[in-house]
Structures are given as C-alpha cells and as structure tokens.
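S.K.: Just need the structure, nothing else, for what follows:
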Amino acid sequence: MVALSVPVCGGGLCRILNKRDTVTVEGADSDELLGRGERAILHPWRAAVIDVTRQVPAADLRSWIDYFWIVRWQAEEPHTQAVIPQPVVHVAAENGRLLAHGVGGSHFTRTLLGDGHVLGMALRPGAFRSFIGRPVNTVSRSVIAMGDLTGVDDRPIADALLRPGAADAELVGVAESWVRGLDLDRDPMIDTVAGLVTRAESDHTIVRAEQLAAVASMSLRSLQRLFGEYVGIGPKWVIQRFRLLDAAAVANSGTRFARDVDWAALAVDLGFSDQAHLTREFSRIVGTPPASYLRSEHDQADDRPRRG
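M.R.: Sure thing, here's the model as predicted:
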C-alpha cells in the first residue's frame, strides 16, 4: 500500500473531490469548504475509489487551519490520482512522518492500493509562518517533515494519525491536540494575507499582480515581499494558478459548452497574453494541452453509463 498525501484542498496542495466522491462536511456550510479546490482535481472521473470527509477545526484553531480532511480509499487495483497544487500549505501524515507540503510546482500524482486513510490539515493562506517561525518561501516547492522544521519528533503524531481503524472524530481530535501543543502566535497579518488570496481566487477580473496590489493599497514590491514571507510564493504565481484552475474547471465541467470552448477568447479573459501562452502554461502544469485534456475528459464522459 502506498500512503496518500493528496490534500483535499482548499488552497493548496489540492483536493481530491468531485461529484462521485462521498463527501461529509461537519461544522460548516458545505459550499464554503468545497468551493476552493474542486477545480484542482485532474481527471475527476477516476476518483470513484476515494471517500472524502472534511471537518472545520475547533474555534480556537481557526486562525491557522481552514479545515481537516480525511481521505479513505479501497482500491483493488492501483489507482493513480493527479491534482494541481494551490497556494496553501498542507500538513499530512504519511509513511510514518508528518509532512509539510510547500506551495509551488506542477501537478503531482499519488498511487493508492488496498485499504487505507490519511488525515491532513489545510492551513489558511499565510498561517504556516506561525508553525515554523520563518518565511514560508524557505520551504516552497518542497516536502519536509515537521520534525525537521520544529525540532520536535513528528513520528509519534504521525503514527497516531495513521492508526488503522481510528474513527474520523478521534483522528481530528489527535490533530487538534497536536496543533494546540505548538502554542502558535496569533499573527494578525494572516487575516490580511488570507483575504488577499481569497480575493485573487474569487475575483476573476484580477489577472495581474498590480491589480491585487491596488486592492491591498500597497506597492507591488511590498505585496511581493508579503506573499513571499507568508504565502511562500509571489502574487503573480498565485493569480495565474487560480486562473489556470478556472481553465481546468471549464475542461472538467462536463457541459456541452465546454466541448466548443473558444480557447483564444478564454485565454484573454483569464489574463494570458494569447492562446499560445495559456496552452504553454496549461501543458506545463497539467501535462497536456487544454484542448487535448478536454477531449479526453469528454470521451470518458461519453463512455460512462448513464443513469435512469
């Protein structure tokens, strides 16, 4: 069995979530939790072997954690899932360690076999700085054991989070106790950074870092320093990643409109210089041009049996 470390995100590493997942959301409105990362799943029709549960943290932890996610799987044959990272750090237990997944990079895959589970936490944008006490860009594009970052052995907590047969509530309780034990600083800048990242995600008219700097009422240089310090990557990357996810959402939408999408017009709408620019970025991150990806998705949709 290969342990899974695919965050079911929110903003960052990513979510394995689609219409066929069994999803339970406890303690919050489902739209609030499901909205951000649903677009990050590549080839969502492949994820039928995965069940996802999400739970918002206790009130005293919401300054740092968006939600906990638990992925359980039963795969009689190897199942490979790909996701697009988002601008959020995820911390998840796998292979006996508690690992922090830094922001950045192209799509990544995990292969599952047999029965298993993983619990992780999707941190608020900017919150990981309180965990490590230094700029988040020092761990970007990397996966590092929390023990190596904090000096405290992470293997006991990882073992507890990976214990076979443990109920969801028990796993979340263990994770919450671990976070409380870190005695994190309540940095007011986290709210500012999280708000800017959310604005970049939800406002599809923001296609340049200068626009987000204007929203923040600061210079572009100041915004770049702020994002490097707290998000782990620059605002240009954050905006382009969200707009790329918008393009992936079109390809994954399953609508007849998506088959006839005008990629040239969509590229301009999403802030790319032209269709070639969108195609290059999409291919670099996803591994295939958007039109080819769309065709593969709809070929699979046509081949799947229809209900009723």
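S.K.: which residues of this structure fall in helices?
M.R.: Ranges of helices in the chain, per DSSP state H, are 30-34, 128-132, 146-150, 155-161, 168-181, 189-202, 209-216, 220-230, 235-252, 256-259, 263-269, 275-286, 290-303.
S.K.: in the third one, what counts as buried?
M.R.: In this case it means helix 146-150. Within helix 146-150, the residues scored as buried using 16 or more other Cβ atoms under 10 Å are 146-147, 149. For every residue, glycine as well, the C-beta is placed using N, CA and C.
S.K.: what's around the closest residue to residue 58 other than its chain neighbours, how many residues?
M.R.: Spatial nearest neighbour of residue 58, excluding adjacent residues (Cβ to Cβ, 6 or more residues apart in numbering): residue 176 at 5.7 Å. By the criterion of other Cβ atoms under 10 Å, residue 176 has 18 neighbours.
S.K.: Contacts only, for residue 176.
M.R.: Neighbour list for residue 176: 57-58, 61 [criterion: Cβ atoms under 8 Å, 6 or more residues apart in numbering].
S.K.: Reformat these as TSV; add pLDDT and distance to residue 264.
M.R.: Conversion of the contacts of residue 176 to TSV gives the following (pLDDT from 0 to 100; distance: Cβ to Cβ, whole Å):
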residue	pLDDT	distance to residue 264
57	96	43
58	96	48
61	97	45
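S.K.: who wins for most neighbours among those residues?
M.R.: Within the contacts of residue 176, neighbour counts (other Cβ under 10 Å) peak at residue 57, which reaches 21 neighbours.
S.K.: Distance to residue 154 for the contacts of residue 176 - can I get that in JSON lines?
M.R.: Below are the contacts of residue 176 laid out as JSON lines (distance: Cβ to Cβ, whole Å):
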{"residue": "57", "distance to residue 154": "19"}
{"residue": "58", "distance to residue 154": "21"}
{"residue": "61", "distance to residue 154": "18"}
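S.K.: Among the residues you listed, which one sits closest to residue 162?
M.R.: Set against residue 162, the nearest of the contacts of residue 176 by Cβ to Cβ is residue 57 (19.5 Å).
S.K.: Go ahead and confirm that closest one touches residue 67.
M.R.: Yes. In terms of Cβ atoms under 8 Å, residue 57 counts as a neighbour of residue 67; the distance is 6.9 Å.
S.K.: so what's in contact with those two at the same time?
M.R.: residue 121.
S.K.: Just give the nearest non-adjacent residue to residue 243, would you?
M.R.: Among residues not flanking residue 243 along the chain, residue 270 sits closest, at 4.2 Å (Cβ to Cβ, 6+ apart).
S.K.: can you pull the contacts of the one you found?
M.R.: By Cβ under 8 Å, 6+ apart, residue 270 lies in contact with 204, 207, 243-244, 246-247, 278.
S.K.: how does it look with 7 Å?
M.R.: Neighbour list for residue 270: 207, 243, 246-247, 278 [criterion: Cβ atoms under 7 Å, 6 or more residues apart in numbering].
S.K.: By neighbour count, which of those residues wins?
M.R.: In terms of neighbours by other Cβ under 10 Å, the contacts of residue 270 top out with residue 247 at 26 neighbours.
S.K.: Can you get me a residue count around residue 201?
M.R.: Neighbourhood size, residue 201 [other Cβ under 10 Å]: 24.
S.K.: Would you confirm that it contacts residue 242?
M.R.: Yes. Counting by Cβ atoms under 7 Å, residue 201 does reach residue 242; the two are 4.8 Å apart.
S.K.: ok, residue 294 to residue 177 distance?
M.R.: Going from residue 294 to residue 177 by Cβ to Cβ, to the nearest Å gives 45 Å.
S.K.: Looking only at neighbour counts, state which of those two leads.
M.R.: Set residue 294 next to residue 177 and count neighbours by other Cβ under 10 Å: residue 294 wins out with 21 against 11.
S.K.: quick one: pLDDT of the more buried one?
M.R.: We have a pLDDT of 79 for residue 294.
S.K.: Nearest residue to it in space, please, no chain neighbours.
M.R.: Spatial nearest neighbour of residue 294, excluding adjacent residues (Cβ to Cβ, 6+ apart): residue 251 at 4.2 Å.
S.K.: Check the residue nearest to residue 243 and give its pLDDT.
M.R.: Here, the pLDDT recorded for residue 270 equals 86.
S.K.: Flag the shaky bits of the stretch 151-300 of the chain, pLDDT-wise.
M.R.: Within the stretch 151-300 of the chain, the segments meeting pLDDT under 70 span 253-259, 297-300.
S.K.: Good, wrapping up.
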